[in-house]
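In: pasting the sequence and the predicted model now:
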Amino acid sequence: MTDEVLFEERPSASGPAVGVITLNVEKTLNSLTLNMVELMQAKLKDWRQRSDIACVFVKGAGEKALCAGGDVQALYRSSIEQPGGPCEYAEAFFDTEYRVDYAFHQFDKPVIVWGHGIVMGGGMGIYAAGSYRVVTEKTRLAMPEVTIGLYPDVGGSYFLNRMPGNKGLFLALTGANFNAADALYLGAAEGFIEHQYRDDVLEALANVPWSTGVADNHERVLDLLKTFTERSAAAMPAGNVEAAADEIESLCSADSDVALIEAVANAQSENPWVQKAAAALKAGSPLSARIIIEQLRRTKGVSLKEVFKMELALSTNIVRGREFAEGVRALLIDKDRNPKWQFATAADVSDAALASYFEAPWEESPLADL
């Protein structure tokens with residue numbers, strides 16, 4: 001059986017090693033399982049404490065994806081095993097996944113995440129937590145949870161709220177794909193490097209004269225990557241978000257949540273990217289759309305630790321309900337693309353129903369010890 005995550009310690013010319021993490025389930029686009037996040041949790045704890053690890057480099061196996069998200073089918077099976085009650089696998093997965101994302105965010109040493117190909121859902125959680133987020137000519141980033149009755153978790157409440165204007169809200173509501181140029185515009189990447197240079201970057205990292213000072217090592221990584229971004233500049237693809245910036249802000253200026261959702265879903269745009277985004281929201285879960293706006297409102301200005309605690313409560317409530325299971329059934333299990341959502345429209349979601357998803361299902365958060 002192939003290991004789902006590969007760990008390597010590449011020795012450098014100056015002594016300290018480069019820790020390399022490879023998400024290694026190519027057939028599922030490196031989608032995350034509970035086993036994978038447990039393995040990463042243990043390794044990150046070890047590498048953070050060791051003085052002989054200079055930095056960490058994260059990549060995906062194959063040429064198609066860093067990571068397409070969590071293993072949604074495994075979460076679906078957990079959700080339907082005991083409807084309305086605890087979902088052992090799913091809840092353990094979310095708890096450990098958020099701990100791993102938080103550990104990446106808090107990792108003192110440089111963390112380079114190679115965001116090539118598909119980077120969605122849980123993959124965005126790892127990608128967004130890197131100190132050096134690299135995008136390539138094939139990068140496709142998205143938080144498409146509205147299509148399966150979920151919401152952008154894995155710290156999405158934190159990084160989406162930090163995008164300019166209402167761009168994060170629009171991307172969360174529509175699950176729209178964005179590319180390398182968009183990521184740089186949104187402040188969601190540190191640099192664009194052509195994928196052909198990935199192994200060269202890894203080799204160059206092994207030749208860095210690493211310091212005993214963490215701050216010095218961050219500077220050295222930044223200088224190294226700059227040489228590759230300069231070499232790659234001409235290959236940058238055209239973006240979509242900046243060109244649609246005024247339209248996005250106009251659509252998101254409605255004076256109520258329901259009006260905003262309806263404005264985006266019914267957008268009459270000459271921009272094909274905006275049209276596609278609107279169609280995705282229109283087909284998505286009305287409950288998720290309401291949850292997404294409320295989620296981003298409640299977490300604005302909130303610390304990362306508190307964000308993950310709030311997301312764990314919300315994710316737990318959602319996976320214990322029926323919306324998520326129905327969304328996955330329609331999209332990935334039966335593939336009829338005809339989900340029977342709990343509410344026909346966003347206006348049908350009562351304030352009480354919405355608020356119930358934000359009530360913690362425990363007295364103390366399992367993430368209280370983050």
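Out: Sure thing, it's come through.

In: Asn266: neighbouring residues, count only.
Out: For Asn266, the tally of surrounding residues (other Cβ atoms under 10 Å) stands at 11. C-betas here are computed from N, CA, C, even on glycine.

In: hang on, isn't it packed against Ala278?
Out: Yes. Contact criterion Cβ atoms under 8 Å: Asn266 and Ala278 qualify, at 7.0 Å.

In: quick one: the strands in the protein, in order.
Out: 5-12, 15-23, 53-60, 65-67, 111-115, 118-120, 132-135, 140-142, 191-192 (DSSP state E).

In: and the shortest one, average pLDDT?
Out: When pLDDT is averaged over strand 191-192, the result is 98.

In: which helices and strands sit right next to it?
Out: Judged by 3 or more Cβ pairs under 8 Å, 6 or more residues apart in numbering; DSSP states H and E, strand 191-192 is in contact with strand 132-135, helix 180-185, helix 214-232.

In: swap in the second one?
Out: Secondary-structure packing of strand 15-23 (3+ Cβ pairs under 8 Å, 6+ apart): strand 5-12, helix 34-49, strand 53-60, helix 198-206.

In: residues in contact with Arg329?
Out: With contacts defined as Cβ atoms under 8 Å, 6 or more residues apart in numbering, Arg329 is in contact with Tyr76, Pro339.

In: would you check how far apart it and Asp348 are?
Out: Per Cβ to Cβ, to the nearest Å, Arg329 is found 21 Å from Asp348.

In: my guess is Arg133 contacts Leu186. True?
Out: No. Between Arg133 and Leu186 there is no contact under Cβ under 8 Å: 11.0 Å.

In: of the two, which one has the most company?
Out: Ranked by neighbour count (other Cβ under 10 Å), Arg133 and Leu186 place Arg133 first, with 25 against 22.

In: what's the closest non-adjacent residue to Pro83?
Out: Spatial nearest neighbour of Pro83, excluding adjacent residues (Cβ to Cβ, 6 or more residues apart in numbering): Arg322 at 6.6 Å.

In: nope, Val214 is what I meant
Out: Nearest to Val214 is Asp108, by Cβ to Cβ, 6+ apart, at 5.1 Å.

In: how many other residues sit next to that neighbour?
Out: With other Cβ under 10 Å as criterion, Asp108 counts 11.

In: same check, this time on Asn338
Out: A count of nearby residues for Asn338, using other Cβ under 10 Å, gives 10.

In: which ones are touching it?
Out: The contact partners of Asn338, by Cβ under 8 Å, 6+ apart, come to Ala330.

In: what's the spacing between it and Leu331?
Out: Taking Cβ to Cβ as the measure, Asn338 falls 10 Å from Leu331.

In: repeat that for Asn24.
Out: Counting by Cβ to Cβ, the gap from Asn24 to Leu331 is 25 Å.

In: please say which of the two ends up with more neighbours.
Out: In this view Asn24 and Leu331 are compared by other Cβ under 10 Å, and Leu331 has more residues nearby, 20 against 17.

In: quick check: the gap between that one and Arg320.
Out: As judged by Cβ to Cβ, Leu331 and Arg320 stand 20 Å apart.

In: where does the stretch 201-350 of the chain dip in pLDDT?
Out: Of all residues in the stretch 201-350 of the chain, none has pLDDT under 70.

In: now do the helices in it.
Out: For the stretch 201-350 of the chain, helices defined by DSSP state H, counting those that start in this stretch occupy the ranges 214-232, 245-251, 257-265, 272-283, 286-298, 304-320, 323-328.

In: nearest to Met40, out of those?
Out: helix 304-320 (15.6 Å; Cβ to Cβ).

In: angle of that closest one against helix 286-298?
Out: 160 degrees (axes from the mean of the first three to the mean of the last three Cα atoms, to 10 degrees).

In: from the contact counts, what lies against helix 304-320?
Out: Contacts defined by 3+ Cβ pairs under 8 Å, 6+ apart place helix 304-320 against helix 72-81, helix 88-106, helix 156-159, helix 286-298.

In: tell me the most buried of the ones you listed?
Out: Across the helices and strands packed on helix 304-320, averaging neighbours per residue (mean count of other Cβ atoms under 10 Å) puts helix 156-159 on top, at a mean of 25.

In: which outside residues touch that helix?
Out: 124-125, 128, 143, 168, 172, 188, 295-296, 298-299, 302, 304, 307, 310-311.

In: repeat that for stretch 258-272.
Out: 170, 173-174, 240, 243-244, 247, 251-254, 274-275, 277-278, 281-282, 286, 289-290, 293, 346-347.

In: could you redo the last one with a cut-off of 6 Å?
Out: Residues outside stretch 258-272 that contact it (Cβ atoms under 6 Å, 6 or more residues apart in numbering) are 173, 244, 251-252, 254, 274-275, 278, 281-282, 289, 346-347.

In: filter the residues you listed down to the buried ones.
Out: Buried by 16 or more other Cβ atoms under 10 Å: Leu173, Ala244, Leu251, Cys252, Val274, Ala278, Leu281, Lys282, Ala289, Ala346, out of the contacts of stretch 258-272.

In: against Ala263, how distant is the last one?
Out: Read that as Ala346. Using Cβ to Cβ, Ala346 is found at 11 Å from Ala263.

In: got a list of what the residue most central in space within the chain touches?
Out: Geometric centre of the chain, nearest residue: Met124, 2.1 Å, by Cα atoms, centre = their mean. Taking Cβ under 6 Å, 6+ apart as the contact definition, Met124 lies against Met143.

In: surely Pro339 meets Ala325?
Out: No. With contact defined as Cβ atoms under 6 Å, Pro339 does not reach Ala325; the gap is 10.0 Å.

In: okay, the two: which has more neighbours?
Out: Ala325 (23 against 20).

In: next, find the distance separating the residue lying closest to Phe228 once chain neighbours are set aside from Leu331.
Out: In space, and not counting its chain neighbours, Phe228 is closest to Ile193: 4.5 Å by Cβ to Cβ, 6+ apart. Distance, Ile193 to Leu331, using Cβ to Cβ: 33 Å.
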